[in-house]
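S.K.: model the following, please.
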Amino acid sequence: MPTCQKCGKDWSWKQTIKKMFTLNPAIDCPQCGQKQYYSKKARKKTVVVSFLSLFLIFLRLFNISAYQIIGIYLAYFIIVMVLLPFLMELSNEEEALWK
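M.R.: Numbering: from 1, shown residues only. You can find the predicted model right below:
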């Protein structure tokens, strides 16, 4: 779980899920209210996890029924939603992704 870099408090899984779905790059800490940012390392991890979902498109090549593909997508979504908060890391400043 992420830890605020200002106050040192750990976020709960529920708080992390709520904060993950924002378009603003700055995330307010639920305990101290200070602005936090995804670390460069955490953003790279989430990109890899998201990129893996593209390989699920190729399941149609293996003569799998549409219901099975939907089930696989739902299972993948649930697994990602459970694991993604554990991959989240915070920093005090916004870091450039490709430097």
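S.K.: now the residue of the chain most remote from its centre: how far from I69?
M.R.: The outermost residue of the chain relative to its centre, with distances by C-alpha atoms, centre = their mean, is N63 at 30.8 Å. Distance, N63 to I69, by C-beta to C-beta, to the nearest Å: 11 Å. Bear in mind the C-beta positions are built from the backbone N, C-alpha and C, glycine included.
S.K.: would you list every one of the strands in this protein?
M.R.: 26-28, 35-38, 90-91 (DSSP state E).
S.K.: and the first one, which residues are buried?
M.R.: Meaning strand 26-28. Buried positions in strand 26-28, judged by neighbour count with 16 or more other C-beta atoms under 10 Å: I27.
S.K.: now stretch 25-35
M.R.: 27, 29.
S.K.: give the rounded mean pLDDT of that stretch.
M.R.: The pLDDT scores in stretch 25-35 average 84.
S.K.: what's the span of it, first residue to last?
M.R.: Counting by C-alpha to C-alpha, to the nearest Å, you get 9 Å between the two ends of stretch 25-35.
S.K.: same deal with stretch 14-26?
M.R.: 18 Å.
S.K.: who touches that stretch?
M.R.: The contact list for stretch 14-26 (C-beta atoms under 8 Å, 6 or more residues apart in numbering) reads 1-2, 11, 27-28, 30, 35-38, 81, 84-85, 88, 94.
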